[in-house]
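>>> 3D model of this:
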Amino acid sequence: MKKVMVWIASTLLSVVAIHSFAQQKSLQCGQWRWDVKTLTDKDGAALLKAQPKAMEFDRILFSMPPRTLDKKSATDKVQPRFPSEKEVLEFTAYITTINITEDDHDFRIVLKSPGSDNTMLGELPNPDCATFSRFPEQRANFKQTWEQLSAIMTRISGDSKPVKVKITGVRFWDAPTGERGANISGLEIHPVLSVIVIPD
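Here you go, the predicted structure:
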């Protein structure tokens, strides 16, 4: 029990430290397809107001990638938004793990299907990233969702049980990395726009 409490305290201090640092100096965050990930491209603002399309978790995974992307490709790094990335989805999932990435300072969550062992990643850009100084609407949305995920992170840290949620977010094609929890196709929800805990 003592170890768990220490781990929770450490995790919360990490979250606070990132925000404290950001208040002194805006975070320099990601680069790879960054405008698409953060809704700061030409189609991004409209997605904040789009009506979510209800879909089952496993059906989302039926989506076929437009093509396989490569992290090392200079062309893929600036690939604009694909047609399948122009809709907002709403679905039920379990959050099994959650952490803050070292490179982009994002929240990264592993989402699991309620009806199978299928998983995919969901990510939320850090609202303190320098990018959002020019995009206040995106910053406001991501800040609210950051608070929702912070509460879930604390809950999972405390009892290590997955949390059932309703997720609203945008389909995004990342380069397949083989990372734990990632879908083999590279499909993610990025950005996550809203997370509501469902009593399980």
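>>> What's the mean pLDDT across the one helix or strand residue 89 maps to?
Using DSSP states H and E, residue 89 falls within strand 88-100. Strand 88-100 shows a mean pLDDT of 96.
>>> So what are the sheet partners of that strand and their directions?
Strand 88-100 has these partner strands in its sheet, going by DSSP bridges: strand 53-54 (parallel), strand 107-112 (antiparallel), strand 163-173 (antiparallel).
>>> Deepest in the core, which of these is it.
Counting by mean count of other C-beta atoms under 10 Å, strand 107-112 has the highest mean neighbour count of the strands paired with strand 88-100, with a mean of 24. In short, each C-beta sits where N, CA and C put it, glycine included.
>>> sorry, back to before: out of the strands paired with strand 88-100, flag the one nearest residue 80.
With distances scored as C-beta to C-beta, the stretch of the strands paired with strand 88-100 nearest to residue 80 is strand 163-173 (11.6 Å).
>>> and the closest one, C-alpha only, in CSV?
Taking Å, rounded to 0.1, in the frame of the first residue of the first chain, the C-alpha atoms of strand 163-173 are listed here in CSV:
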residue,chain,number,x,y,z
VAL,A,163,-11.7,2.5,-16.3
LYS,A,164,-14.7,2.3,-18.7
VAL,A,165,-15.2,5.5,-20.6
LYS,A,166,-17.0,7.1,-23.4
ILE,A,167,-14.4,8.6,-25.8
THR,A,168,-14.9,11.3,-28.3
GLY,A,169,-12.0,11.9,-30.7
VAL,A,170,-10.6,12.0,-34.2
ARG,A,171,-9.3,9.0,-36.2
PHE,A,172,-5.6,9.5,-37.0
TRP,A,173,-3.1,7.4,-39.0
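>>> which stretches of this structure aren't confidently modelled?
Per-residue confidence for the chain (pLDDT under 70) gives these ranges: 1-25.
>>> Just grab the bridge partners of the residue nearest to the spatial centre of the chain for me.
Centrality entry for the chain: nearest residue to the mean C-alpha point is residue 123, 1.2 Å, by C-alpha atoms, centre = their mean. In this entry, residue 123 is beta-bridged to residue 108, by DSSP bridges.
>>> picking up where we left off before, in PDB, list the C-alpha atoms belonging to the strand holding residue 89.
C-alpha atoms of strand 88-100 as PDB (Å, rounded to 0.1, in the frame of the first residue of the first chain):
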ATOM      1  CA  VAL A  88     -15.200  12.800 -35.100                       C
ATOM      2  CA  LEU A  89     -16.000   9.400 -33.500                       C
ATOM      3  CA  GLU A  90     -17.700   8.500 -30.200                       C
ATOM      4  CA  PHE A  91     -17.300   5.000 -28.700                       C
ATOM      5  CA  THR A  92     -17.000   3.100 -25.500                       C
ATOM      6  CA  ALA A  93     -13.700   1.700 -24.400                       C
ATOM      7  CA  TYR A  94     -11.600   0.700 -21.300                       C
ATOM      8  CA  ILE A  95      -8.500   2.800 -20.500                       C
ATOM      9  CA  THR A  96      -6.000   0.200 -19.300                       C
ATOM     10  CA  THR A  97      -2.900   2.400 -19.000                       C
ATOM     11  CA  ILE A  98      -2.100   6.100 -19.200                       C
ATOM     12  CA  ASN A  99       1.100   8.100 -19.200                       C
ATOM     13  CA  ILE A 100       2.800  11.300 -20.400                       C
END
